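# turn this into a structure:
(one chain, ligands or ions: 2)
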Amino acid sequence: MMEIQITCTQCGSGVEVLPDHNAHKIECNICQQVMNVNFSQDQEQGILKECPVCTRQDFYKQKDFNRKIGVILFVIAAILSIWTYGLSLVILYLLDLFLFKKLALVAICYKCKTNFRRVKNIDEIRDFDHEMNDRIVYADHDFKGKPLSH
Ligand SMILES: [Zn+2]
Ligand SMILES: [Zn+2]
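Ligands and ions are numbered 1, 2, ... in the order given. Next comes the predicted model:
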């Protein structure tokens, strides 16, 4: 089933939920802020068309990878490379190529930063676009799921 992580509008913590069309309110377990949600049958099937929190249709996808761990691994590999003549960096590169390529992708709502994991139609969701992000976040533009066109 699709896993959804809503960013609390008040304290910014992640609130984990599973799509359920009977659920209309989600409470943050840190600050008790209540947020309205609207899940569709689509989302129960793992198909992401519309954000259950802000009802927008603009999402981007990225590797579901903890950047902190990546930085730590790189630092370790860089330090080890002094003794391994750079071999550890090669190993890290190969690790990245084979291991992290297989990592799941996460879809993220531009508007409210809700994260969606195990999205069945992840192939339909495009990569992050800076211009779209700026226009949605700062100008409140609604692309309605359409790609940016010039
Ligand atoms: Zn909260
Ligand atoms: Zn949203």
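# how about the strands in the protein?
For the chain, the strands defined by DSSP state E occupy 3-7, 14-17, 25-27, 34-36, 59-63, 105-109, 115-117.
# highest mean neighbour count out of those strands?
Mean neighbours per residue, mean count of other Cβ atoms under 10 Å, is largest over the strands of the chain for strand 105-109, with a mean of 22. The C-beta positions use only the backbone N, C-alpha and C, and glycine is treated the same way.
# direction included, what does that one pair up with?
strand 59-63 (antiparallel), strand 115-117 (antiparallel) (DSSP bridges).
# Gln57 against Leu48, yeah?
No: taking contacts as Cβ atoms under 8 Å, Gln57 lies outside contact range of Leu48: 9.1 Å.
# more neighbours: which of the two?
Leu48 (27 against 17; other Cβ atoms under 10 Å).
# wait, the more buried one touches Met2, no?
Yes: assessed by Cβ under 8 Å, Leu48 is found in contact with Met2 at 7.1 Å.
# where do the contact lists of these two overlap?
Taking Cβ atoms under 8 Å, 6 or more residues apart in numbering as the criterion, Leu48 and Met2 both touch 116, 119-120.
# dump those to CSV, plus distance to ligand 2 and pLDDT.
Below are the shared contacts of Leu48 and Met2 laid out as CSV (distance: Cβ to the ion, whole Å; pLDDT from 0 to 100):
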residue, distance to ligand 2, pLDDT
Phe116, 10, 95
Val119, 14, 94
Lys120, 18, 94
